[in-house]
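> sharing a model that was predicted from the sequence below.
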Amino acid sequence: RRNVWIGDVADATQFSRWPMRKEFVGCAQASIDEVSRILAQTHAAAGPQCESDEVVGGNHDSRFQIYAESQAREFAGIKRAGSLPHEWPVASLPFLARFDEIGIRYTGEYPGGELWLFDDLVCMHAPPKKLEMRASVIHGHTHHLSVTTHAQHHRGGRSNYFIYDVGCLCHVGSRTDPQSLVITQVP
């Protein structure tokens, strides 16, 4: 068994290109703490029969590092003293949410992160381009629930592949301010 998260485990809106709304002020730390808590709980609940817990990086998960690169370039790649080359920089979700301490493997940054479960099944954050993958794909970037299929013809016959958009587990509430762009509850 494996636990696989297909990106956007953190929203990090405060570090995005969107205007800073009053709803987001002061909630970055609470969001990071909540991501770490949820991943740790899921990891613990899976128990010893779970061979791995993996996060495929999403575009929202990259916001910490992108923000550091655009606002403080020198800080973007900073690591703890004595870090090994494979360790994550301070301004990254894997570092901030303590993925290594929890036992979570981060399989790569958006848009290139992929996790192959089988030869013909891959998890990635963004949907593939049409006929890009000769495999079925599980993704979540668009936050919709859907299943599409495509066939590829080859010398040996025809192969059918599926693209599963598994949606979003964010907690969506209602806001009384109709002018607010924010409809999700924060953090």
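Nice, I can see it.
> helices or strands up against the lengthiest helix in the chain?
When the chain is scanned for its longest helix (criterion: DSSP state H), the result is helix 28-46. For helix 28-46, the packing partners by 3 or more Cβ pairs under 8 Å, 6 or more residues apart in numbering; DSSP states H and E come out as strand 2-5, strand 52-55, helix 93-96, helix 99-102. All C-beta atoms are positioned from the backbone trio N, CA, C, and that covers glycine.
> for the second one, buried residues please.
What it means is strand 52-55. Of the residues in strand 52-55, those scored as buried under the neighbour-count criterion (16 or more other Cβ atoms under 10 Å) are 53-55.
> sheet-wise, list the partners of that strand with their directions.
Here strand 52-55 has these sheet partners by DSSP bridges: strand 2-5 (parallel), strand 104-106 (parallel).
> mind putting those strands into a markdown table with distance to Glu34 and mean pLDDT?
Rendered in a markdown table, the data for those read as follows (distance: least, Cβ to Cβ, whole Å; pLDDT from 0 to 100):
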| stretch | distance to Glu34 | mean pLDDT |
| --- | --- | --- |
| strand 2-5 | 14 | 90 |
| strand 104-106 | 15 | 92 |
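> dump the ones you listed to JSON lines, plus distance to Ala76 and mean neighbour count.
Formatted as JSON lines, these follow (distance: least, Cβ to Cβ, whole Å; neighbours: other Cβ atoms under 10 Å):
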{"stretch": "strand 2-5", "distance to Ala76": "24", "mean neighbour count": "17"}
{"stretch": "strand 104-106", "distance to Ala76": "17", "mean neighbour count": "19"}
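> His60: which of those strands is closest?
Ranking the strands paired with strand 52-55 by distance to His60, with Cβ to Cβ as the measure, places strand 2-5 first at 11.9 Å.
> which other residues reach that closest one?
Applying Cβ atoms under 8 Å, 6 or more residues apart in numbering, the set of residues contacting strand 2-5 from outside is 39, 42-43, 46, 50-56, 115, 117, 123, 138.
> if we can go back for a sec, which among the helices and strands packed on helix 28-46 is found nearest to Thr149?
strand 2-5 (21.5 Å).
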